[in-house]
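Asker: Return a 3D structure for these sequence lines:
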Amino acid sequence: IHKVLRISWLFCIFRYSPANKVWQPKRGKFSNKDMAKVQNISEIHPTLGFTEFDILERYRKSFHESELGRLHSVFPFEHIAKTVGLSDQHLGRRNIFSPCAKIALMVLKAYTGFSDRQLVEHLNGNIHYQMFCWIMINPSFPITNYKIVSAIRNEIASRLDIDSLQEVLASHWKPYLDSLHICMTDATCYESHMRYPTDMKLLWESLEWLYRYICRHCVELGIRRPRNKYRNVAESYLSYCKKRKRKASRTRMLKRRMIRLLEKLISQKDEIHRECGALLRYTQDYHKRLSIIRKVLVQEKEMFEGRKVSDRIVSIDRHYVRPIVRGKETKSVEFGAKVNNIQIDGISFIEHLSFKAFNEGIRLKDCIRMQQKLMNVRVRCVAADSIYANNANRKFCTKYGISTSFVRKGRAAKDEPLRKVLRSELSKERATRLEGSFGTQKQHYSLSRIKARNRKTEILWIFFGIHTANAILMIEKIRNKTAKAA
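Answerer: Got it, this is the predicted structure:
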C-alpha cells in the first residue's frame with residue numbers, strides 16, 4: 001500500500017518532458033521548501049525502480065497476457081505482408097504504419113467491429129491497440145485523418161490474393177490442428193449493407209442522379225436547362241411513397257412514366273455531351289455510373305414488357321451485386337457475396353467466392369482437392385449438406401474411398417450399422433461447428449452487413465472477418481497443444 005501511495009504521489013508532482021525524455025517537477029504548485037525535497041527525489045529516481053521504461057514494460061506484459069496480445073501472436077504478419085506485396089516507402093513522407101502494421105490494422109478492425117472513425121479514436125487512446133499495430137502515438141499529436149484506414153484497406157484489397165494468403169495461414173496453423181482427414185463444407189451469403197432493392201427505387205435513383213448532373217452541366221456551360229417532366233414525376237413518386245397500400249395499376253402507371261423520363265434525360269445528356277463535351281471534365285466514376293444507368297434502363301424496359309432478365313442490377317452503387325435466391329423461411333432473397341467454405345478442425349477457409357449465384361453442389365471435388373493441397377493429408381471423411389449429395393459426388397467419393405454424411409442410396413452394405421453411426425456423427429459435427437461458425441462470424445466479426453464501398457474491399461472485409469474468427473479459435477488450440485507438449 002505504501003509503495004502504491006508513493007508511486008501515485010510521484011505522478012502528482014512530476015510531469016514527463018518528451019523533449020528531454022526526463023521526469024520534471026510540476027511548477028507553481030508547491031512551496032520552495034517542498035520543491036527542494038522533490039528535486040532531491042528526482043535526482044535519485046533511477047534507483048527507485050520506477051521509470052517510464054518500467055511502465056512501458058508493464059504495459060507490454062499486460063498486452064501479451066491479454067486476448068489481444070494472444071491474437072497478435074497467432075498471425076504471421078511479416079509473411080502475410082510479404083505475400084501481399086507491401087513494402088516500406090523509401091521516398092517521400094514516412095508512413096505512420098509499416099507493412100505489418102497495415103495488416104494488423106485490418107485484423108484489429110475485424111476484431112473490434114469499429115467504424116473507421118471509431119477505430120482511429122480508440123487507436124489514439126488505447127496503448128494495447130498501438131502495440132498491436134507496432135506504433136506509439138504521441139498524445140499531443142494524435143491521428144486525426146480517419147480516412148487513412150480506408151486508404152490502407154484499398155491498398156491491400158488491390159493486391160489481395162486469397163489462395164496464396166490462405167496457404168500461408170494454413171502452413172502456420174497446421175501443427176496445432178487435429179483431424180486433418182475430415183473435410184466439412186457448406187455455403188453461406190455475407191450480405192452487403194444496402195437498402196432492399198425495388199424497381200421504383202432503382203429508377204428514381206437513376207433519375208435523380210441524371211437530373212442533378214444535367215443541371216450542373218447547364219450551370220457550368222451557361223446554357224438553358226432542357227425541358228422535361230422531372231418535377232411532376234418527383235411529386236408523383238413522393239405521393240406514391242407516402243401511400244401505405246399501393247395499387248398495382250398505380251405502380252405500373254408510375255413505372256411507365258419513370259422509364260419514359262429516364263429515356264428522355266439520357267437523350268438530353270447525350271445531346272449536351274455532343275455539343276459541349278469538350279468543355280466539360282468527366283471522371284472515371286461518372287462514365288461508369290452512366291453506363292450502369294443505361295443498363296438499368298434496358299433491363300427495366302424488358303421487365304416492364306414481361307420478359308425475364310438475367311444478370312439483373314439491383315444497386316447503382318454496388319453494380320456487381322446480384323440477387324441470390326436462398327429459399328430460407330425468413331429471407332427468400334439475399335444480396336451480397338456467396339461463399340463456399342471448407343472447415344478443418346473448426347478452422348474455416350474460403351474455397352469459392354462470387355457475387356453471382358452458383359450451385360455449391362458441384363464444388364465438392366474442388367473442396368476436397370483444396371483441403372488436400374493446404375494440409376498435404378488425404379481426405380477420408382466428408383460432411384456436407386444434402387445439396388452436395390448428387391450422383392457425380394457420390395461416385396467420386398466411392399472411387400477414392402471417402403466416407404460421407406449423405407443419406408444412403410440402394411442396397412445396405414454389411415457394415416451398415418457402423419456407417420450409420422459415422423454418418424450421424426459427421427452430420428452432427430457439421431450442423432453444430434460449421435453452421436455455428438457462420439453465425440459467430442456474422443454476429444461478432446462485422447460480417448452481418450458488410451459496409452465496404454466496392455467489390456475488392458468487400459472481398460477483403462470478408463477475408464479478414466473469417467480469419468480473425470479463426471485466429472480466436474487458434475489461441476485455445478495453441479495453448480492446449482503447448483500444454484500437452486510440456
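Asker: Near the residue nearest to Arg433 when sequence neighbours are not counted, how many other residues are there?
Answerer: Excluding its sequence neighbours, the residue lying closest to Arg433 (C-beta to C-beta, 6 or more residues apart in numbering) is Gly346, at 5.6 Å. Every C-beta, even on glycine, is put in place using the N, C-alpha and C of the backbone. The tally of other residues near Gly346 (other C-beta atoms under 10 Å) stands at 19.
Asker: Identify the residues contacting Gly346.
Answerer: Arg433, Ser437, Leu473 (C-beta atoms under 8 Å, 6 or more residues apart in numbering).
Asker: tell me which residues in the lengthiest helix in the chain are buried?
Answerer: For the chain, the helix that runs over the most residues, judged by DSSP state H, is helix 455-485. Buried residues in helix 455-485, counted by 16 or more other C-beta atoms under 10 Å: 456-474, 477-478.
Asker: packing partners for that helix?
Answerer: Helices and strands touching helix 455-485, by 3 or more C-beta pairs under 8 Å, 6 or more residues apart in numbering; DSSP states H and E, are helix 67-74, helix 99-112, helix 148-159, helix 162-173, strand 333-344, strand 347-354, helix 435-444.
Asker: quick one: that helix to strand 333-344, angle?
Answerer: 30 degrees (axes from the mean of the first three to the mean of the last three C-alpha atoms, to 10 degrees).
Asker: All the strands of the protein, in order from the start?
Answerer: 14-17, 22-25, 182-191, 323-325, 333-344, 347-354, 381-384, 403-404 (DSSP state E).
Asker: neighbouring strands for the third one, and are they parallel or not?
Answerer: The reference is to strand 182-191. strand 333-344 (antiparallel), strand 381-384 (parallel) (DSSP bridges).
Asker: now the angle from it to strand 347-354?
Answerer: 50 degrees.
Asker: Would you mind finding the most buried of the strands paired with strand 182-191?
Answerer: Sort the strands paired with strand 182-191 by mean neighbour count, taking mean count of other C-beta atoms under 10 Å, and strand 381-384 sits at the top with a mean of 24.
Asker: Using PDB, write out every CA atom in that one.
Answerer: Output in PDB follows, covering the C-alpha atoms of strand 381-384 (Å, rounded to 0.1, in the frame of the first residue of the first chain):
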ATOM      1  CA  CYS A 381     -14.300 -38.300 -44.500                       C
ATOM      2  CA  VAL A 382     -16.600 -35.600 -45.900                       C
ATOM      3  CA  ALA A 383     -19.500 -33.900 -44.100                       C
ATOM      4  CA  ALA A 384     -21.800 -31.800 -46.400                       C
END
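Asker: outside of it, which residues touch it?
Answerer: With C-beta under 8 Å, 6+ apart, strand 381-384 has contacts from 181-186, 364, 368, 397, 402-406, 422, 426-427, 429-430, 434.
Asker: 7 Å - rerun?
Answerer: 181-186, 364, 368, 397, 402-405, 426-427, 429-430 (C-beta atoms under 7 Å, 6 or more residues apart in numbering).
Asker: in the sheet, who's paired with Thr404?
Answerer: Val382.
Asker: State the distance from it to Glu360.
Answerer: 15 Å (C-beta to C-beta, to the nearest Å).
Asker: got it, and Thr482?
Answerer: Taking C-beta to C-beta, one finds Thr482 at 37 Å from Glu360.
Asker: And Thr251, by the same measure?
Answerer: For Thr251 relative to Glu360 (C-beta to C-beta), the value is 35 Å.
Asker: Over to Leu221?
Answerer: 53 Å.
Asker: Those two - which one has more neighbours?
Answerer: Glu360 (22 against 13).
Asker: thinking the more buried one is in contact with Ala187, fair?
Answerer: Yes. Glu360 is within contact range of Ala187, at 4.0 Å (criterion: C-beta atoms under 7 Å).
Asker: Just give me the residues shared between the contact sets of the two.
Answerer: Listed as contacting both Glu360 and Ala187 by C-beta under 7 Å, 6+ apart are Asn340.
Asker: Leu265: what's it in contact with?
Answerer: Shown in contact with Leu265 (C-beta under 7 Å, 6+ apart): Leu207, Leu210, Tyr211, Ile214, Asn228.
Asker: With distance to His352 as extra columns, can I get those in CSV?
Answerer: Shown next, in CSV, are the contacts of Leu265 (distance: C-beta to C-beta, whole Å):
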residue, distance to His352
Leu207, 37
Leu210, 37
Tyr211, 41
Ile214, 42
Asn228, 46
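Asker: which residues of the stretch 51-200 of the chain score low on pLDDT?
Answerer: Scanning the stretch 51-200 of the chain for pLDDT under 70 picks out 51-53.
Asker: Apply 90 and report the result again.
Answerer: For the stretch 51-200 of the chain, the stretches with pLDDT under 90 are 51-60, 87-96, 138-139.
Asker: separation between Asn95 and Leu105?
Answerer: From Asn95 to Leu105 the distance is 12 Å (C-beta to C-beta).
Asker: Mind listing the shared neighbours of those two?
Answerer: Joint contacts of Asn95 and Leu105 (C-beta under 7 Å, 6+ apart) do not exist.
Asker: Looking at those two, which one has more neighbours?
Answerer: Under the neighbour definition other C-beta under 10 Å, Asn95 and Leu105 were set side by side, and Leu105 has more, 23 against 13.
Asker: Tell me who's in contact with the residue lying closest to that one once chain neighbours are set aside.
Answerer: Of all residues not flanking Leu105 in the chain, Cys133 sits nearest, at 5.5 Å (C-beta to C-beta, 6+ apart). Contacts for Cys133 (C-beta under 7 Å, 6+ apart) come out as Phe97, Ala101, Ala104, Leu105, Leu108.
Asker: swap in Pro417?
Answerer: With C-beta under 7 Å, 6+ apart, Pro417 has no contacts at all.
Asker: so how far is Arg423 from it?
Answerer: Taken as C-beta to C-beta, the span from Pro417 to Arg423 is 11 Å.
Asker: Same question for Glu65.
Answerer: 44 Å.
Asker: what about these two, which has more around it?
Answerer: Between Glu65 and Arg423, Arg423 has the larger neighbour count (other C-beta under 10 Å), namely 18 against 10.
Asker: distance of the more buried one from Tyr445?
Answerer: In terms of C-beta to C-beta, Arg423 sits 31 Å off from Tyr445.
Asker: Equivalent analysis for Met303, please.
Answerer: In terms of C-beta to C-beta, Met303 sits 37 Å off from Tyr445.
Asker: Next one: Tyr282, what pLDDT does it get?
Answerer: With respect to pLDDT, Tyr282 has a value of 86.
Asker: What is the neighbour count of Arg244?
Answerer: For Arg244, using other C-beta under 10 Å, the count is 4.
Asker: Revised request: answer the last question for Thr112.
Answerer: Thr112, neighbours per other C-beta under 10 Å, totals 18.
Asker: which residues does it contact?
Answerer: So Thr112 contacts Leu119 (C-beta under 7 Å, 6+ apart).
Asker: switch the cut-off to 10 Å
Answerer: Contact analysis of Thr112 by C-beta atoms under 10 Å, 6 or more residues apart in numbering lists Leu68, Gln118, Leu119, His122, Leu123, Asn126, Tyr129, Tyr445, Ser446, Thr468.
Asker: Isn't the first one up against Tyr129?
Answerer: So that's Leu68. Yes. If you go by C-beta atoms under 10 Å, Leu68 and Tyr129 touch, sitting 7.7 Å apart.
Asker: Of these two, which one has the most company?
Answerer: Set side by side, Leu68 and Tyr129 show more neighbours around Tyr129, with 22 against 18, by other C-beta under 10 Å.
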